[in-house]
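Engineer: sequence and predicted model, in that order:
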Amino acid sequence: SWIEPREFLNLPLVRRVDSHKGNYGHVLLIAGSLGKSGAAILAGRGALRSGAGLVTVASPEAALPIIAASQAELMTVPLVSTKLGTIAAANGNPSRLHALTQGKTLLAMGPGVGTHRETQKFITSLVRQTELPVILDADGLNAFAGRARDLAKRSTKHLALTPHPGEMARLLGVSNATVQADRLAIAWKAADAWNAHVILKGFHTILATPDGHAFVNTTGSARMAKGGSGDVLTGILAGTVSQLGVQNWESALALGVYLHGRAGDARPPRHEETTLLAGEIADALPYTYDQLLTELRDLV
């Protein structure tokens, strides 16, 4: 089915007047490394703008000051760094992991973490062990290249993967052209094999489900073909799921995909096709969300 506003009619998108931040979850975002702090910042802003009650960014010590200074609403946690400024394997120590995940309701991981061997060891171990809902993107996905079958060997019941065609090709051990030749079949195959929700990004992003359904997005354009757009999507997905809860897992993922594309479609004055920045997608979310609510009221 197409992802259109009607899909969201039954979601609790309007907050109760007596609600508080604790009602909307606490996202743990593991992202960034030395030289790639921007990915963590963009994902964090996406999560905040899309409804998460609280967002904590965990990043290597070398990148943390930049992230902490970027957005006052973000909380931060330092991770032990490798010599190259990426996440060290020592962070996988059980006591460290317990302290890191305690009190969190959702884990989003991957933007800007890099491909250092120690970092990949930490990521694959955490994905296998955690019982938190997980959204895995970017280098979080690359950590499973050549071992994608391990994605099905995990504790969490809720896993969403957000590969672009190149990342999907590395996960499946095929060419990029093979992925693009039949995007729907590839997304379905991956969702079934990994028992996960797969969001295959690109023109008409596809959300494939483990039980054989698929949602095809109707929003977004070539304006979004810019570094950082995927990082913002990771944050938005974390925020929509955090706000709506895992009981609305599938619909919340579809909403995140839809809002991301629609925010990219927003056309403020003096914006041409080539000038949109990824951060502006996050900044357009308040207007985009308000537009959606208005349209949903008209449908009732």
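Structural biologist: Now that the structure is in, tell me what you want to look at. Remember, it's a predicted structure, so these values are computed and weren't measured experimentally.
Engineer: does anything pack onto the longest strand along the chain? Which helices or strands?
Structural biologist: In the chain, with assignment by DSSP state E, the single longest strand is strand 54-60. On a contact count with 3 or more Cβ pairs under 8 Å, 6 or more residues apart in numbering; DSSP states H and E, strand 54-60 meets strand 26-30, helix 37-49, strand 75-79. C-beta: built from backbone N, CA, C; applies to glycine.
Engineer: that one: partners in the sheet, and parallel or antiparallel?
Structural biologist: Its sheet considered, strand 54-60 pairs with strand 26-30 (parallel), strand 75-79 (parallel) by DSSP bridges.
Engineer: got the angle for the last one vs helix 37-49?
Structural biologist: Going back to what we said before, that points to strand 75-79. Interaxial angle of strand 75-79 relative to helix 37-49 (axes from the mean of the first three to the mean of the last three Cα atoms, to 10 degrees): 140 degrees.
Engineer: distance from the chain centre to the next helix or strand after strand 75-79, please.
Structural biologist: Per DSSP states H and E, the first helix or strand lying C-terminal to strand 75-79 is helix 94-101. Relative to its parent chain, helix 94-101 has a centroid offset of 22 Å by Cα atoms, centre = their mean, to the nearest Å.
Engineer: so who does the closest residue to residue 285 other than its chain neighbours touch?
Structural biologist: Nearest residue to residue 285, sequence neighbours excluded (Cβ to Cβ, 6 or more residues apart in numbering): residue 49, at 4.1 Å. Residue 49 makes contact with 235-236, 239, 282-283, 285-286, according to Cβ atoms under 8 Å, 6 or more residues apart in numbering.
Engineer: of these, which is the most crowded?
Structural biologist: Counting neighbours by other Cβ atoms under 10 Å, residue 235 comes out on top of those with 36 neighbours.
Engineer: any idea which helix or strand carries it?
Structural biologist: helix 229-244.
Engineer: check which helices and strands that helix sits against.
Structural biologist: Short answer (3+ Cβ pairs under 8 Å, 6+ apart): helix 229-244 packs on strand 26-30, helix 37-49, strand 106-109, strand 134-136, helix 249-265, helix 278-283.
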